[in-house]
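Chemist: build the 3D model from these lines:
(one chain, ligands or ions: 3)
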Amino acid sequence: VQLAEKIHKEFKHPFIVMDMSYHLGISIGIITGPEGCSSPQQFLEKADMAMFKAKQDGRSQYVLFDKEIEKERNQRLSLEHYLHNALESNEISLCYQPKLHLATEKIVSVEALARWHQTELGMVNTEAFISLAEETGLINEIGQWILRKSCYQFMDWLDKDISLESIAVNVSARQLASKGFTKIVESALQETGIPAHCLDLEITESAFINDTHALTKELNQLHELGVTISIDDFGKEYSSLNYLKKIPFDLIKIDREFIMDLDKDQRDEHIGKVIIDIGHTLGKKIVAEGIESIDQRNILRRLNCDFGQGYLFSRPLTDIEFLEYAARYIEQRDDTINSTSSA
Ligand code: C2E
Ligand code: MG
Ligand code: MG
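Modeler: Ligands and ions are numbered 1, 2, ... in the order given. I've put the predicted structure just below:
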């Protein structure tokens, strides 16, 4: 530990190479004792697990190996193993959460959300499995499946007279950065017949923190295809607003963190108002995610937020549940129209 601290101290100073100063971070894994190892290799592997943990927990630190780390790593490995087979075993499915026009409460769109029901483990938390898919690169294959399935679903609903303006598909930064992503989207549009403007790609704001140049190029190509682009989880991460000038986008989704206490904390209302005003000034539409109460909805309506999504309107639904939801909704709307016209 003393040695690790000494090394860290040294790395606090920049390295000067050809008059340029470079800061390097260092993550260290430490193991003592035999720890049940029968070979030097096993011993190093366990030190490596501790080092990996140091990186995972934010880098530039040291971590001492313990059994918990090994357990966590083994769980991750088996999850990874299961994830490799998830698509083939038909364990991944999609849920759909309606997005409504806030002033009229008309359903305008749905967001496809991935679900993984692993045969032995049961339901796996979506955020956990998506980030594992990102880390392992499996997101490209899984993401392609999700994209095509969503487009087919949209067309299937259209056949059943459920006509939505769009379907939103979440795209991770790694997918966007992968080679030929625009081509993949283009072929999904051709294969399924969905009009390009009916496909909305949701990209989390955090994707724009690094390497905006390459992403901007890809996003411009996507936009040229005619698909729309939403910035998801807006305001969640620390990021500069500069990227709003550089990337093409159509919608901003205000992160749930600001909606949660909208009816309790005035500061959230002020922040919400500023986000909505920025978006509108730039000619974009605004979506609020995670609306759970009528008060939150009323405040957002007052602030002129365009669209809303959340448990107040509907939880994510299976395709069959969504059909029922949409049919019920259309019935209710027709009843309202009939009663207004007979009155
Ligand atoms: P997201 O895209 O921001 O999706 C919104 C999340 O909030 C969803 O969680 C949704 O179920 C949840 N949610 C919606 N309304 C409410 C509400 O009123 N209250 C609360 N408490 N939660 C609400 P979910 O489905 O667990 O997804 C989590 C995240 O995982 C998503 O955040 C998205 O970043 C990612 N994700 C989900 N599906 C996909 C996918 O197909 N591809 C990729 N790349 N990422 C995905
Ligand atoms: Mg989303
Ligand atoms: Mg979001």
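Chemist: how about R256: what's its closest non-neighbour residue?
Modeler: Nearest non-adjacent residue to R256, counting by CB to CB, 6 or more residues apart in numbering: G290, 3.1 Å away. All C-beta atoms are positioned from the backbone trio N, CA, C, and that covers glycine.
Chemist: count of neighbours near the one you found?
Modeler: Neighbourhood size, G290 [other CB atoms under 10 Å]: 19.
Chemist: so where's the chain uncertain?
Modeler: Applying pLDDT under 70 to the chain flags residues 211, 238-239, 330-343.
Chemist: at 80 instead, please
Modeler: Within the chain, the stretches with pLDDT under 80 are 35, 208-212, 237-240, 329-343.
Chemist: let me see the ranges of the strands in it.
Modeler: 15-17, 20-22, 28-30, 62-64, 92-101, 107-118, 122-124, 166-171, 199-204, 228-234, 251-254, 285-288, 307-308 (DSSP state E).
Chemist: quick check: the residue nearest to R256 vs E257, distance?
Modeler: Distance from G290 to E257, counting by CB to CB, to the nearest Å: 8 Å.
Chemist: which residues touch L241?
Modeler: L241 is in contact with I278, counting by CB atoms under 8 Å, 6 or more residues apart in numbering.
Chemist: report the beta-bridge partners for the closest residue to ligand 2 within the stretch 1-150 of the chain.
Modeler: Of all residues in the stretch 1-150 of the chain, E111 sits closest to ligand 2, at 5.5 Å by CB to the ion. For E111, the beta-bridge partners under DSSP bridges are Q97, A168.
Chemist: residues in contact with it?
Modeler: Neighbour list for E111: Y96, Q97, K99, I167, A168, V169, N170, E202, Q309, P316 [criterion: CB under 8 Å, 6+ apart].
Chemist: against E135, how distant is the residue nearest to R256?
Modeler: Distance, G290 to E135, by CB to CB: 26 Å.
Chemist: list the buried residues in stretch 22-36.
Modeler: I26, S27, I28, G29, I31 (16 or more other CB atoms under 10 Å).
Chemist: next one: stretch 282-302
Modeler: For stretch 282-302, the buried set under the neighbour-count rule, 16+ other CB under 10 Å, comprises 284-293, 296-297, 299-300.
Chemist: before we move on, what about stretch 272-284?
Modeler: Neighbour-count burial for stretch 272-284 flags G272, I275, I276, G279, K284 (criterion: 16+ other CB under 10 Å).
Chemist: and if you look at stretch 116-136?
Modeler: Judged by neighbour count using 16+ other CB under 10 Å, the buried positions of stretch 116-136 are W116, Q118, V124, F129, I130, L132, A133, E134.
Chemist: which bits of the stretch 151-300 of the chain sit near ligand 2?
Modeler: Contact residues (CB under 5 Å from the ion) of the stretch 151-300 of the chain with ligand 2: N170, E202, D232.
Chemist: how close does the first one sit to A112?
Modeler: Right, the one you point to is N170. 7 Å.
Chemist: residues that sit against both of those two, list them.
Modeler: Common neighbours of N170 and A112 (CB under 8 Å, 6+ apart) are I146.
Chemist: ok now do the closest residue to N85 other than its chain neighbours, which residues does it touch?
Modeler: Among residues not flanking N85 along the chain, E91 sits closest, at 7.8 Å (CB to CB, 6+ apart). Counting by CB under 8 Å, 6+ apart, E91 makes contact with N85, W116, H117, Q118, T119.
Chemist: give me the phi and psi for E91.
Modeler: E91 adopts backbone torsions of phi -90, psi -10, taken as degrees, to the nearest 10.
Chemist: likewise G25?
Modeler: Main-chain dihedrals, G25, degrees, to the nearest 10: phi -100, psi 160.
Chemist: for it, list the residues it contacts.
Modeler: G25 sits next to F11, R59, S60 when contact means CB under 8 Å, 6+ apart.
Chemist: so the first one touches I28, yeah?
Modeler: No: with contacts defined as CB atoms under 8 Å, F11 does not count as touching I28, sitting 10.0 Å away.
Chemist: spell out which parts of this protein neighbour ligand 3.
Modeler: When proximity is defined as CB under 5 Å from the ion, the chain approaches ligand 3 at D232, D233, E289.
Chemist: let's have those in TSV, adding distance to K106.
Modeler: TSV is the format used below for the residues of the chain next to ligand 3 (distance: CB to CB, whole Å):
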residue	distance to K106
D232	22
D233	25
E289	18
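Chemist: ok, of those, which one's closest to K46?
Modeler: Nearest to K46 among those: D233, at 36.2 Å, using CB to CB.
Chemist: picking that back up, in helices only, show me the buried residues of stretch 272-284.
Modeler: Using DSSP state H, G272, I275, I276, G279 are the members of the buried residues of stretch 272-284 that sit in helices.
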